[in-house]
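A.B. asks: The following comprises the amino acid sequence and a computationally predicted model.
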Amino acid sequence: MKNSTNFKIMAVASALALLPLSSCKNSAPKEAETKTPAREHALVFDCDPGTDDTYAMFLLKSTGNAPDYTVATFGNSTIEYTFKNLFVLNNYFDVKSSVFRGVEKPYDGHEVTCGDFHGADGLAGLSDEMVARFGITQAMVDSAKSYQDLAKEILSTDKVDYIAVGPLATLGHIIKEYPEAASHINHVYIMGGGINSFNKDGDTEYNFFGDGIADTIVWASGVEISLFPIDVTYLCAQVELSFVDSLDFGKYPEMETIIRQNSKSNIATGQSEASAIIHDALPVLYYKFRDKFKMEDYKLTVNERGHLEKSDAGRLVHVAVDMERDLLKNEIKKALEVR
């Protein structure tokens, strides 16, 4: 029996030796597939352009923080206009960002409109002319990427900073539909909400009123938040008409039309006496000049109407309470002086 066993082993070994090498390839361990390395950092600018959104994006570019990704949602005008306006602003300011179409309506479907506060088109009546000037076609708009594509970019990036200056609808949908995205978001900088000041019924603010359900989703996600409520923007984001009169708009004549539209509407609605209010500039300026702000940590809850309230049961939020008063005006003047 021993000899016959040895004979069988030798026979099998000889047969294997005669096999062509190609027949043995699959037996070797597979090498790990090469994966595209994750992007290390990206900046998202989520907006609803918008006169003050326009100045916010202008300041992002001028302070050296041009966004990698820009996304437009409903808010200051319909999604049809805000999305086209985002293409306009990328061209106007020569921002080389990828453009995404955000969410078109709030979770509960309620109407969100600010009338002609920013002009019916959101850009003080300039949108259609600027769309034509920059050759932005309907085909370009229709073929643009969606917020789901933005979610995939976030998932492939190690650390994302997210500046949101419109309703939180798009961010809320991304977090709800792609829960892992929250772990890739390093920090969210939000213009919105009111703690003791309000501009919408229900003791809330326009952006937070825009999609209160999305607000609650972002709140519950655990992402780190720095908040710039209208309490501080009313205090620190006013740009007096006397200052506007002193500016040289040079390369950017449309910026004068846009800021004057903003001031006209704020004066007409009693929100200022003789000023534009560039609410959306504050998170942008904080992103660059943190030492120019006073921040306090509050525990805040938010409900589905977008109402914020201090509460021990709330989550910790970094809240801006003051800013160096001339910072906004100085940075607008510097940005306009660049030729």
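C.D. replies: Great, that's in hand.

A.B. asks: Just grab the bridge partners of the spatially most central residue of the chain for me.
C.D. replies: What sits nearest the mean C-alpha location of the chain, by Cα atoms, centre = their mean, is residue 46, with 2.2 Å. Beta-bridge partners recorded for residue 46 (DSSP bridges): residue 71, residue 164.

A.B. asks: from memory it sits against residue 161, does it?
C.D. replies: No: contact criterion Cβ atoms under 8 Å: residue 46 and residue 161 do not qualify, at 11.2 Å. Placement of C-beta: from N, CA and C, glycine included.

A.B. asks: Let me know how buried residue 240 is, in neighbour terms.
C.D. replies: 15 (other Cβ atoms under 10 Å).

A.B. asks: so how far is residue 66 from it?
C.D. replies: From residue 240 across to residue 66, the span is 28 Å (Cβ to Cβ, to the nearest Å).

A.B. asks: secondary structure class for residue 284?
C.D. replies: helix (DSSP: H, G, I helix; E, B strand; the rest coil).

A.B. asks: That one: what's it in contact with?
C.D. replies: When contacts are counted by Cβ atoms under 8 Å, 6 or more residues apart in numbering, residue 284 touches 56, 59-60, 63, 65, 163, 165.

A.B. asks: out of these, which are inside helices?
C.D. replies: Among the contacts of residue 284, DSSP state H puts 56, 59-60 in helices.

A.B. asks: from the residues you listed, which single one is nearest residue 122?
C.D. replies: Nearest to residue 122 among those, counting by Cβ to Cβ, is residue 56 at 13.3 Å.

A.B. asks: Show the contacting residues for the nearest residue to the closest one once chain neighbours are set aside.
C.D. replies: Among residues not flanking residue 56 along the chain, residue 280 sits closest, at 3.8 Å (Cβ to Cβ, 6 or more residues apart in numbering). Residue 280 makes contact with 47, 50, 52-53, 55-56, 165, 191, according to Cβ under 8 Å, 6+ apart.

A.B. asks: ok so, going back, the ones in helices among the contacts of residue 284 into CSV, with extra columns for neighbour count?
C.D. replies: Shown next, in CSV, are these (neighbours: other Cβ atoms under 10 Å):
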residue, neighbour count
56, 25
59, 24
60, 27
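
A.B. asks: any chance of those residues in JSON lines, plus distance to residue 211 and pLDDT?
C.D. replies: Below are the ones in helices among the contacts of residue 284 laid out as JSON lines (distance: Cβ to Cβ, whole Å; pLDDT from 0 to 100):
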{"residue": "56", "distance to residue 211": "19", "pLDDT": "98"}
{"residue": "59", "distance to residue 211": "25", "pLDDT": "98"}
{"residue": "60", "distance to residue 211": "23", "pLDDT": "98"}
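
A.B. asks: Redo those as TSV? Include distance to residue 196.
C.D. replies: Converted to TSV, these look like this (distance: Cβ to Cβ, whole Å):
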residue	distance to residue 196
56	24
59	26
60	28
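
A.B. asks: Just name the closest of those to residue 208, please.
C.D. replies: Distances from residue 208 to the ones in helices among the contacts of residue 284, taken by Cβ to Cβ, are shortest for residue 56, at 17.2 Å.

A.B. asks: right, and that closest one touches residue 47 too?
C.D. replies: Yes: the criterion here is Cβ under 8 Å, and residue 56 meets it with residue 47 at 7.0 Å.

A.B. asks: Overlap of the contact sets of the two?
C.D. replies: By Cβ under 8 Å, 6+ apart, residue 56 and residue 47 have these common neighbours: 165, 280.

A.B. asks: just the helices in the stretch 101-250 of the chain please.
C.D. replies: Listed in chain order, the helices of the stretch 101-250 of the chain (DSSP state H, counting those that start in this stretch) span residues 127-133, 138-142, 147-155, 169-177, 206-210, 212-220, 230-236, 241-246.

A.B. asks: host element of residue 299?
C.D. replies: Residue 299 is part of strand 293-302, with elements assigned from DSSP states H and E.

A.B. asks: so residue 191 bridges to which residues?
C.D. replies: Beta-bridge partners recorded for residue 191 (DSSP bridges): residue 228.

A.B. asks: start at 46 instead
C.D. replies: Done: numbering now begins at 46, and the last item shifts to residue 236.

A.B. asks: so what's it up against?
C.D. replies: 101, 209-210, 252, 273, 278, 324-325, 327-328.

A.B. asks: Would you check how far apart it and residue 208 are?
C.D. replies: 8 Å.

A.B. asks: Residue 290 too?
C.D. replies: Applying Cβ to Cβ, the value for residue 290 to residue 208 is 30 Å.
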